[in-house]
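> mind folding the following:
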Amino acid sequence: MIAEKMQCEAEHAFEVLRLKVYGRVDFLLDRRNNFYCLEANTLPGMTPMSLLPQEAAAAGIDYPSLCEKIIELSLNK
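Next up is the predicted model:
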């Protein structure tokens, strides 16, 4: 439930900031399960060990597919 709320807030921040294609919104979660937005990273690292590729992998998207999708979306903007 907390993860879903964070995802919704990250999507809202992405829209409000008018970000395009990709980015990463970082949160801090305290012991009482309150979360706080730390930053919106408009150019997150893209090595295979960076957070965005790791997050994509957790969602079932491998690194080459992630890179291809970013390129495809960027060319269509």
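> every contact and neighbour count from this point should use C-alpha atoms.
Will do.
> which residues in this structure form strands?
Taking DSSP state E as the test, the strands found in the chain are 24-29, 35-41.
> among the ones you listed, which is nearest Val16?
Relative to Val16, the nearest member of the strands of the chain by Cα to Cα is strand 35-41, separated by 10.9 Å.
> quick one: list the elements packing against that closest one.
Packing contacts for strand 35-41, counted by 3 or more Cα pairs under 8 Å, 6 or more residues apart in numbering; DSSP states H and E, involve helix 2-16, strand 24-29.
> need those in JSON lines with distance to Ile71, mean neighbour count and mean pLDDT, can you?
Converted to JSON lines, the helices and strands packed on strand 35-41 look like this (distance: least, Cα to Cα, whole Å; neighbours: other Cα atoms under 10 Å; pLDDT from 0 to 100):
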{"stretch": "helix 2-16", "distance to Ile71": "19", "mean neighbour count": "14", "mean pLDDT": "96"}
{"stretch": "strand 24-29", "distance to Ile71": "17", "mean neighbour count": "15", "mean pLDDT": "95"}
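> do you know how far Met49 is from Ala56?
Distance, Met49 to Ala56, using Cα to Cα, to the nearest Å: 11 Å.
> I misspoke; the intended subject was Ala13.
Relative to Ala56, and taking Cα to Cα, Ala13 is found at 19 Å.
> save the helices and strands packed on strand 35-41 as CSV, and put in distance to Leu75 too.
As requested, those are arranged in CSV below (distance: least, Cα to Cα, whole Å):
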stretch, distance to Leu75
helix 2-16, 19
strand 24-29, 20
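> out of those, which is closest to Ala40?
Of all the helices and strands packed on strand 35-41, it is strand 24-29 that lies closest to Ala40, at 4.3 Å by Cα to Cα.
> that closest one pairs with which strands, parallel or anti?
Under the criterion DSSP bridges, strand 24-29 sits next to strand 35-41 (antiparallel) in its sheet.
> kind regards, and thank you for your time.
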